[in-house]
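> sequence below, structure please.
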Amino acid sequence: MAEDCQGPDFQLDRIKFAAGGTTILELPGDGDEPEMVKNLSCVILYNHPAFAYHTSKYQGGNNPPDCGSFDGVTGICNPGGSCRNCPYNQYGSGEGQWKACKNRRMLYILREGEVFPMMLNLPTGSLKEFTNYMKRLLTRGRCINQVVTRIAIRKANSKSGIDFSQAQFSVERMLTGEERAVVEQMTDMVKGYAMNLGTAALVAEDDFPIREVDPETGEVLEPLK
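Residues are numbered from 1 along each chain as shown. Here you go, the predicted structure:
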């Protein structure tokens, strides 16, 4: 795999939240039509913050953000610098009371029987669920890439009474020792891939039509079209 991926502009496929606030995930299919699933069994090989700030309102597409961060600590480009101290990463800096900088998370997902992982740009409204899931695993001394995770999409309701799609996470089973050895190698490869990504990877046009809900304030960031 490592040898075959050298040279060409190799891009991992992306998993999408289906438009319209439905409880469906959209995966690349074998033909022209995508594969639609209600839940997904996978190993989350690696994950990292995906902060993205646009000086003008994001209108979809693969336009890179004016500033982005892969670690949630340091922003790249304009304005760049410390994410903690950035004025655009504070509540109230965007429309309403939410942040101008979208705080999201990128998951690198491997399905059973497949060789290449896929990417899932996790919406803001699912971050709290994911954080709690990781905390439950770490409390039991488990790393997230040592278990088979079930991802399901449910319809949640914001504090302002707006429905939105939210990812839920649970453990299906622990990996065997043989599986863990393979997954560790895959995790190292994915980390290397992530290190070479540009800031355009922090946003995805498939995420634009989805209700983006802030988990703290319950405010809708991007209304459904």
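> can you give me the strands for the protein?
With DSSP state E as the criterion, the chain has strands at 14-17, 25-27, 35-37, 39-53, 67-69, 74-77, 81-82, 102-110, 118-122, 147-157, 163-174, 212-213, 220-222.
> now render these as CSV, adding distance to Thr139.
For every residue, glycine as well, the C-beta is placed using N, CA and C. Converted to CSV, these look like this (distance: least, Cβ to Cβ, whole Å):
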stretch, distance to Thr139
strand 14-17, 27
strand 25-27, 27
strand 35-37, 29
strand 39-53, 17
strand 67-69, 27
strand 74-77, 29
strand 81-82, 30
strand 102-110, 20
strand 118-122, 21
strand 147-157, 13
strand 163-174, 12
strand 212-213, 26
strand 220-222, 31
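> most neighbours per residue, which of those strands?
strand 67-69 (a mean of 26; mean count of other Cβ atoms under 10 Å).
> so what secondary structure elements neighbour that strand?
Using 3 or more Cβ pairs under 8 Å, 6 or more residues apart in numbering; DSSP states H and E as the contact test, the elements touching strand 67-69 are strand 39-53, strand 74-77.
> could you dump these to TSV with mean pLDDT and distance to Gly192?
Formatted as TSV, the helices and strands packed on strand 67-69 follow (pLDDT from 0 to 100; distance: least, Cβ to Cβ, whole Å):
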stretch	mean pLDDT	distance to Gly192
strand 39-53	94	10
strand 74-77	93	18
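> dump those into JSON lines; add distance to Ala152 as well.
Rendered in JSON lines, the data for the helices and strands packed on strand 67-69 read as follows (distance: least, Cβ to Cβ, whole Å):
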{"stretch": "strand 39-53", "distance to Ala152": "4"}
{"stretch": "strand 74-77", "distance to Ala152": "33"}
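> and Arg105, which of those strands is closest to it?
Nearest to Arg105 among the helices and strands packed on strand 67-69 is strand 39-53; the distance by Cβ to Cβ comes to 5.8 Å.
> pull up the pairing partners for the closest one, direction included.
strand 67-69 (antiparallel), strand 102-110 (antiparallel), strand 147-157 (antiparallel) (DSSP bridges).
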